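Q: I'd like to go over a predicted model; first the sequence, then the structure.
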Amino acid sequence: MNESVTPPSAPPGTAGAAPADPGAAGVQRRALRRIVFASVIGTVAEYYDFFIYGTASALAFNKIFFPDVSPALGTLASFSTYAVGFFSRPLGGLVWGLVGDRLGRKRALVFTLLLTGLGTFAVGCLPTYRQIGIWAAVILVFVRLVQGFGVGGEQGGAILLTAEAAPRARRGFWASFVQLGSPAAYLVPTALFAVLDGHLSDSAFLSWGWRVPFWLSAVVVLVGLFVRSRIQESETFRAAKADAAGRAPSPIRTLFARHRRELVGGLLAKFVEAAVFPFYTVFLVSYADSLHHDTGTVLDAVIIAVVCELVALPLLGRLTDRVGRRPVFLTAAVLNLVLVVPAFEAVRSGNTAVITTALIAGLALGHAGTYAPQAAYFPELFPSAARYSGVSLVWQFGSMIASGPFTVVAAALLIAGGGSYVWDAVYVGALIAVSIVALSLLPETAPGRLGGREYAHWPHRDERAPA
């Protein structure tokens, strides 16, 4: 049981009220929008890597890094290097979480963005198997490990920075904008690969075309670094440091001593979202290819569904402010479970309209409904002094377990099942079921559903923030 519930420092209903000075309100809104943009651009950089690597694994890496094995085993090997990056993320979450809780959110986010961006760019510069043999794959794995270490503190810190800057009455709405970075980042590399794959010969694409999206990551990173260098440190972090007055215990010790329920429950709740996104956007494309269907049909449907998700995310974020984080999260998790088999059958049908409908339901409702609540829900589970560490550990361990090996396990199950999707459906369904159970045991945290109270300790500076 969490014992750090604190009463509001203003009467219920006043949290998030606009300040009396309209000029001050305007300044605060501009500062909030700048923080939101800085957080989104970092999330775009993180997921840009995530998606170009996943797409390149399916389209090119099996041929340029693992050319001497069968196509199926080459795909499995390339997906394995994709998974490797997830296994250094928890260490990154631990280290960068400590940096963020001790030295500041902004400082941690600048370093994580720089490390992530350099890793993505480096992948585009790597030699191939035909140039240096097996060492090409070894270097690729090393770069992925370094990159995963940087990513480990990125997403959790980005949502935290926005959640702490937002007025609590609309925290779910504002924090959900950070989640736009994931679907937005998906669209850019998908479009780039579609253009490159469609306009270049196979030899040109495998020679240099696949490298272009990795090189272009430098633009995103430079913009992100510029924006993040201009934002101020989180007021909540500064207030928490002042309250602690040098007496704050270790964030990790605090989490394991007082917040094990939230830590373990949040980690397991992460499974559904971490599993279904690569399921819809990466694995179903590979599944269509295994059926010798046109993968372009599935990719086009994914793009349409992702555009719909961009619209749905802030709407669902706002809904969590009204009805609570947990009801939205839990309802969407159940929807994802219901949609697993229909998604496979839609791809098997080869019908464009059926595939598009299934993916819109899966991404714009199922995934978005689990993704939008996380941005406010996970930060609200933990006290200020240990929040960066708590969110990063939940995010990265949950992703490592559910998303890291997902494409590898799913591809192996497809091979073992002789092309049948039955074992893959069981695998996805099991991950979703774990999250449903965890969410059923976790508390509600939205202040609007708690009479204006916070579930965990937040220095109450946000009564002055504009609603």
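A: Looks like it arrived, so ask away. Quick caveat, the model's predicted, so the values are computed rather than measured.
Q: just checking, V302 touches I360?
A: No - using CB atoms under 8 Å, V302 is not in contact with I360, being 9.8 Å away. Placement of C-beta: from N, CA and C, glycine included.
Q: which residues are in contact with the helix or strand hosting G224?
A: In the assignment (DSSP states H and E), G224 maps to helix 217-228. Helix 217-228 is contacted from outside by 34, 37-38, 41-42, 44-45, 48-49, 52, 106, 109-110, 113-114, 116-118, 120-121, 124, using CB atoms under 8 Å, 6 or more residues apart in numbering.
Q: where does the chain have low pLDDT?
A: Counting by pLDDT under 70, the chain contains low-confidence ranges at 1-27, 50, 54, 58, 66-79, 81-82, 233-238, 240-248, 459-467.
Q: from the contacts of helix 217-228, which ones fall inside helices?
A: 34, 37-38, 41-42, 44-45, 48-49, 52, 106, 109-110, 113-114, 116-118, 120-121 (DSSP state H).
Q: If any of those residues are buried, give me the ChimeraX selection for them.
A: A single ChimeraX command selects the buried members of the ones in helices among the contacts of helix 217-228 (16 or more other CB atoms under 10 Å):
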select :34,37,38,41,42,44,45,48,49,52,106,109,110,113,114,116,117,118,120,121
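Q: Any idea how many residues pack against R348?
A: 15 (other CB atoms under 10 Å).
Q: measure it to A412 for me?
A: 20 Å (CB to CB, to the nearest Å).
Q: Kindly report the same for E444.
A: Applying CB to CB to E444 and A412 gives a distance of 38 Å.
Q: Also A288?
A: In terms of CB to CB, A288 sits 18 Å off from A412.
Q: For S229, see how far away W96 is.
A: Where S229 is concerned, W96 sits at a distance of 18 Å (CB to CB).
Q: ok, now Q147?
A: 22 Å.
Q: Compare those two (neighbour count), which wins?
A: Q147 (27 against 10).
Q: tell me the contacts of the more buried one?
A: Applying CB under 8 Å, 6+ apart, the residues near Q147 are 49, 85, 115-116, 119-120, 122-123.
Q: In this model V328 seems to touch L319, though I could be wrong.
A: Yes - using CB under 8 Å, L319 is in contact with V328, at 5.7 Å.
Q: which among the contacts of Q147 gets closest to G418?
A: G85 (29.9 Å; CB to CB).
Q: Tell me the helix or strand right after whichever strand or helix holds the closest one.
A: G85 is part of helix 71-87, with elements assigned from DSSP H and E. Next helix or strand after helix 71-87 toward the C-terminus (DSSP H and E): helix 89-102.
Q: now that next one: how far from the chain's centre is it?
A: Its chain's C-alpha centre and that of helix 89-102 lie 16 Å apart, by CA atoms, centre = their mean, to the nearest Å.
Q: ranges for the helices of the stretch 351-467 of the chain?
A: Under the criterion DSSP state H, counting those that start in this stretch, helices of the stretch 351-467 of the chain are mapped to 352-360, 368-380, 387-402, 406-416, 422-441.
Q: nearest to L216, of the ones you listed?
A: helix 406-416 (23.2 Å).
Q: buried ones in the closest one?
A: Judged by neighbour count (16+ other CB under 10 Å), helix 406-416 contains these buried residues: 406-414.
Q: Tell me the one of those residues nearest A312?
A: F406 (22.7 Å).
Q: Report the secondary structure state of the residue lying closest to that closest one once chain neighbours are set aside.
A: Closest residue to F406 apart from its sequence neighbours, by CB to CB, 6 or more residues apart in numbering: P278 at 5.0 Å. P278 carries the three-state label helix when classified by DSSP: H, G, I helix; E, B strand; the rest coil.
Q: check contacts around the nearest residue to F382 once chain neighbours are set aside.
A: Nearest residue to F382 in three dimensions, chain neighbours excluded: G390, at 3.5 Å (CB to CB, 6+ apart). Contact analysis of G390 by CB under 8 Å, 6+ apart lists 97, 251, 255, 259, 262-263, 266, 378, 381-382.
Q: and if we set it to 10 Å?
A: Applying CB atoms under 10 Å, 6 or more residues apart in numbering to G390 gives the contacts 93, 97, 101, 156, 160, 251-252, 254-255, 259, 262-263, 266, 378-379, 381-383, 456.
Q: how far away is it from D101?
A: 9 Å.
Q: Can you give me the neighbour number for W458?
A: 26.
Q: how far away is it from A385?
A: W458 is 11 Å from A385, by CB to CB.
Q: Equivalent analysis for A175, please.
A: A175 is 20 Å from A385, by CB to CB.
Q: Who has more neighbours out of those two?
A: A175 (33 against 23).
Q: ok, and the closest non-adjacent residue to that one?
A: Nearest to A175 is A375, by CB to CB, 6+ apart, at 3.6 Å.
Q: can you check L216 too?
A: Nearest to L216 is L192, by CB to CB, 6+ apart, at 7.3 Å.
Q: For that neighbour, pull up the helix or strand it's in.
A: helix 181-199.
Q: And whichever helix or strand comes after that helix, what does it pack against?
A: Downstream of helix 181-199, the next assigned helix or strand under DSSP H and E is helix 202-207. The helices and strands touching helix 202-207, judged by 3 or more CB pairs under 10 Å, 6 or more residues apart in numbering; DSSP states H and E, are helix 62-64, helix 181-199.
Q: could you point out which element follows helix 202-207?
A: Counting by DSSP H and E, what follows helix 202-207 is helix 212-215.
Q: Could you list every helix and strand in contact with that following helix?
A: For helix 212-215, the packing partners by 3+ CB pairs under 10 Å, 6+ apart are helix 22-56, helix 105-123, helix 181-199.
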